[in-house]
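Participant: Got a predicted structure here, sequence first:
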Amino acid sequence: MTREELWARFAAPVAAYRPMMFWIWNGEMDEGRIRDQVADLAAKGCGGFFIHPMGESFRLEDFIRGIRPPYLSEEYFDAVAVAVDEARIRGLYAWLYDEGGWPSGTAQGHVLSGHPEYTAQVLVLESVAVASGARPEPPEGAVAALGWSRESGVKPLELRGGGVEVPTGVTQVLFACVRPVEGRVNLLSPAAVARFIEVTHERYAARVGQYFGSVIPGIFTDEPAVVGRVGSHAIPWTGDMLKLFLERRGFDLVPLLPLLFAEQSVPPGLHDQYEPHVVAQVRCEFCELWTDLYREAYWEQINRWCETHGLIHTGHVGGEDTLLDHGRQGFGHFFKTAGALHAPGVDVIWRQLMWGQDNFG
């Protein structure tokens, strides 16, 4: 390539090297408006766009009104087909987006509609003070029971019908219980994520799949997150994690379960009986487990679907710009989750562009 040819390419780059706009869809999205806006994007030098639908009830305080026609309706997919067709005519790329707002994973309630079994779960501790000879009944959702006193420390107890038998010297019983988080999808569950793919990705494939890999290069996922946080009062959970922990991490988690929780969530003095490095090790081992489950259920499963359909899986997790957020935003090990994307991205928004400032303010 000559210098003149290189300069010519910089002066008039092909669509793939021009800006791609996040095109927010809210309000009435009729055919005329869609075609006019795509034409406007082309006239202003854009190389394409990401269709970014705001669900009809998504954050109305910020976006005034949601999309019409309703998100994921047949009329909605008709509108998507119009946008893709106009992109084809104009020589632009039409990227898809896997949610009706954000965070990705719920399809604005469609995943859980008729499928409550896909609701996200967390593990919590419920403490019961006991006297000698007591047999407390396990609460609903209990997966483990632990006896505790300052003198005897933590002792695993057997969960069984008729109440938990409490040994002499135990003053409290800690029940580890699974609790649902209403409105959130269990992104640690392959079946729940398969449902998400069914109601979003598969329907795009049925309507505009003939353009996959050409006019439609890929699909964007936006800030999916696992519910719960190690070191808080509610821990990420799914299925039989105690069994999975033993199989994958190589030791029994049950006697150490209280170490996953904040000190305020366990009896006073319990954490003090362990060296700080033990607490840190248990938490790190558990974070590795749930991150691996998340990578397998969400990121890798959607990657495989995209690869089968000739699409690039791109997006971002949210909070990737500050290290502290890596532990509290629900995406776990950054390179195992967001790093699994075909084209990992990050948010760059106004508060992150204040050059010379010490914080993002």
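Facilitator: Good, I have the coordinates. Numbers count the residues shown, from 1 in each chain.

Participant: Please tell me how far the closest residue to residue 190 other than its chain neighbours sits from residue 192.
Facilitator: Leaving aside its sequence neighbours, residue 190 sits nearest to residue 297 (C-beta to C-beta, 6 or more residues apart in numbering; 4.6 Å). C-beta coordinates here come from the backbone N, C-alpha and C atoms, glycine included. Summarising the geometry, the distance separating residue 297 from residue 192, computed by C-beta to C-beta, to the nearest Å, is 7 Å.

Participant: quick one: the residue nearest to residue 190 from residue 113, how far?
Facilitator: In this structure, residue 297 lies at 20 Å from residue 113, with C-beta to C-beta as the measure.

Participant: Compare those two (neighbour count), which wins?
Facilitator: With neighbours defined as other C-beta atoms under 10 Å, residue 297 and residue 113 compare such that residue 297 has more, 21 against 13.

Participant: from what I can see, the residue nearest to residue 190 looks like it's in a helix, true?
Facilitator: Yes: the secondary structure assignment for residue 297 places it in a helix, going by DSSP: H, G, I helix; E, B strand; the rest coil.

Participant: List the contacts of it.
Facilitator: For residue 297, the contacting residues are 187-190, 192-193, by C-beta atoms under 8 Å, 6 or more residues apart in numbering.

Participant: Need the pLDDT of residue 358.
Facilitator: Model confidence at residue 358, given as pLDDT, is 59.

Participant: again with residue 328
Facilitator: On the pLDDT scale, residue 328 is placed at 69.

Participant: go on, residue 35?
Facilitator: At residue 35 the predicted local confidence, pLDDT, stands at 98.

Participant: measure it to residue 27 for me?
Facilitator: Using C-beta to C-beta, one gets 16 Å for the distance from residue 35 to residue 27.

Participant: which of the residues in the helix or strand that contains residue 128 are buried?
Facilitator: Applying DSSP states H and E as the criterion places residue 128 in strand 119-129. Within strand 119-129, the residues that qualify as buried by neighbour count (16 or more other C-beta atoms under 10 Å) are 119-126, 128.

Participant: Can you tell me what sits against whatever helix or strand comes next after it?
Facilitator: Where DSSP H and E defines the elements, the next helix or strand beyond strand 119-129 is strand 142-149. Strand 142-149 is contacted by residues 123, 138, 154-159, 164, 166-167, 169-178, 242, 254-255, 257-258, 267, 270 when judged by C-beta under 8 Å, 6+ apart.

Participant: and strand 142-149, which strands flank it?
Facilitator: strand 153-157 (antiparallel), strand 172-185 (antiparallel) (DSSP bridges).

Participant: Confidence-wise, which of the buried residues of strand 119-129 comes last?
Facilitator: Ranked by pLDDT, these bottom out at residue 128, which scores 93.

Participant: doesn't residue 177 make contact with that one?
Facilitator: No: with contact defined as C-beta atoms under 8 Å, residue 128 and residue 177 do not form a contacting pair (11.3 Å).
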